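> can you look at this prediction? I've put the sequence above it.
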Amino acid sequence: MRMTTRGMVTLAFLIALGVILARFASIRIVIMGVEGIRVGFGGFPIIFAGFLFGPAAGGIVGALTDIIGYFLAPVAGPYMPHFTFTAALTGILPALVVRLARRGERPGFILLLLAILGGQVVTSLLLVPYFLHTLFGLPYRVILVPRYFAVALEVPLYAGLAHVLLRRLEPFFQKLRLSYQ
């Protein structure tokens, strides 16, 4: 897909929104000197970028959101590219599921819910706890239980918000020449 100036500005806005929501407007819980749990809407702009522009754009927005966010507001612990990889997957996986299931059509709420759930299970419930355990020695029991609640809260909210925005802002998306990648 050819990227327009409007499209790049939209992606830049989603990156900035993701940084603000993830680093400054979320609940962060530090466990044993490392951020173990983050609850908030920081993942939504990443996922939404993937829905609008495709999996590659979602991955780029996720990676840049994580890198820029780390340098603006570092969390407890050093920079780890493992988490940049999971942030990129946060944008790639749901967009890939939607692309494979509904090529060119508006995705419905159930598809959005399942796509986001699948992506969050892989990233938030499998990869991030694994990396926290492997890199920092955090016990699985300490980090998994709160993550289940965070994912159970975030997934339906993300899906509902994406569903509403994809429908309400459709004229804007048509100006961007987007066709529900």
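Yep, it's here. Residues are numbered from 1 along each chain as shown.
> would Arg28 count as being in a helix?
No - assigned with DSSP: H, G, I helix; E, B strand; the rest coil, Arg28 falls outside any helix and is strand.
> quick one: pLDDT of it?
According to the prediction, Arg28 has pLDDT 72.
> would you confirm that it contacts Ile37?
Yes - using Cβ atoms under 8 Å, Arg28 is in contact with Ile37, at 7.4 Å. Just so you know, the C-beta spots here come from the backbone N, C-alpha and C atoms, and that holds for glycine as well.
> between those two, who's got more neighbours?
Between Arg28 and Ile37, counted using other Cβ atoms under 10 Å, the more crowded position is Ile37 (22 against 17).
> can you tell me the element that one falls in?
Take DSSP states H and E as the rule and Ile37 turns out to sit in strand 34-39.
> same check on Gly59?
Gly59 belongs to helix 55-72, assigned by DSSP H and E.
> and the helix or strand just after that helix, what does it pack onto?
Scanning forward in sequence from helix 55-72 by DSSP H and E, the next helix or strand is helix 81-101. Counting contacts by 3 or more Cβ pairs under 8 Å, 6 or more residues apart in numbering; DSSP states H and E, helix 81-101 packs against helix 44-53, helix 55-72, helix 109-120, helix 128-136.
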